[in-house]
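J.: For reference, the sequence and a predicted model appear below.
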Amino acid sequence: MEITTHTIHNISIAEISAEGLVIEKEEDGLDLLGNVYYQGFDRVIIHAKNITPAFFDLKNRMAGEILQKFSNYRVRLAIVGDFSAYKSKSITDFMYESNKGKLINFLGSVEEALNKLSAG
């Protein structure tokens, strides 16, 4: 796993990248949160390809548990990728509702994520 720092308007944003999965289970998401929080980041970008597809199956509650922790610590998170493979009404509604807020967003590109996370 590699963390790239983007600085926009004096705001530091961590972009997480890796060859494989960074989040395979709930504990991985909590470890990631702890890692970036400890390093002083309160805005994070992670690529959907680095998250297990099970995350996007809301029935197993993994997404809810991980995203609740990010929300509790007020760490803004942008998950970036192509979400067209996820067709269930529950996940599409979840992403739509998340995108209305500022804490958790599902976006199509790093540029969109940087713009969203660097906005007040």
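T.: Arrived safely.

J.: Please name the residues that touch D57.
T.: Contact analysis of D57 by Cβ atoms under 8 Å, 6 or more residues apart in numbering lists 88, 91. Where C-beta positions appear, they are placed from N, C-alpha and C, glycine not excepted.

J.: Show me where this structure has its helices.
T.: 26-38, 62-72, 89-99, 110-118 (DSSP state H).

J.: Next, the buried residues of stretch 3-15.
T.: By 16 or more other Cβ atoms under 10 Å, the buried positions in stretch 3-15 come out as 6, 11, 13-15.

J.: Check stretch 52-64 too.
T.: If you call a residue buried by 16+ other Cβ under 10 Å, then stretch 52-64 has these buried ones: 55-56, 62-63.

J.: Same check on stretch 97-111?
T.: In terms of neighbour count (16+ other Cβ under 10 Å), stretch 97-111 has its buried residues at 98, 104-107, 110.

J.: any idea which of the residues you listed is closest to L21?
T.: Using Cβ to Cβ, F106 comes nearest to L21 of the buried residues of stretch 97-111, at 17.6 Å.

J.: For the closest one, which residues are in contact?
T.: Counting by Cβ under 8 Å, 6+ apart, F106 touches 48, 78-79, 81, 83, 95, 98-99.
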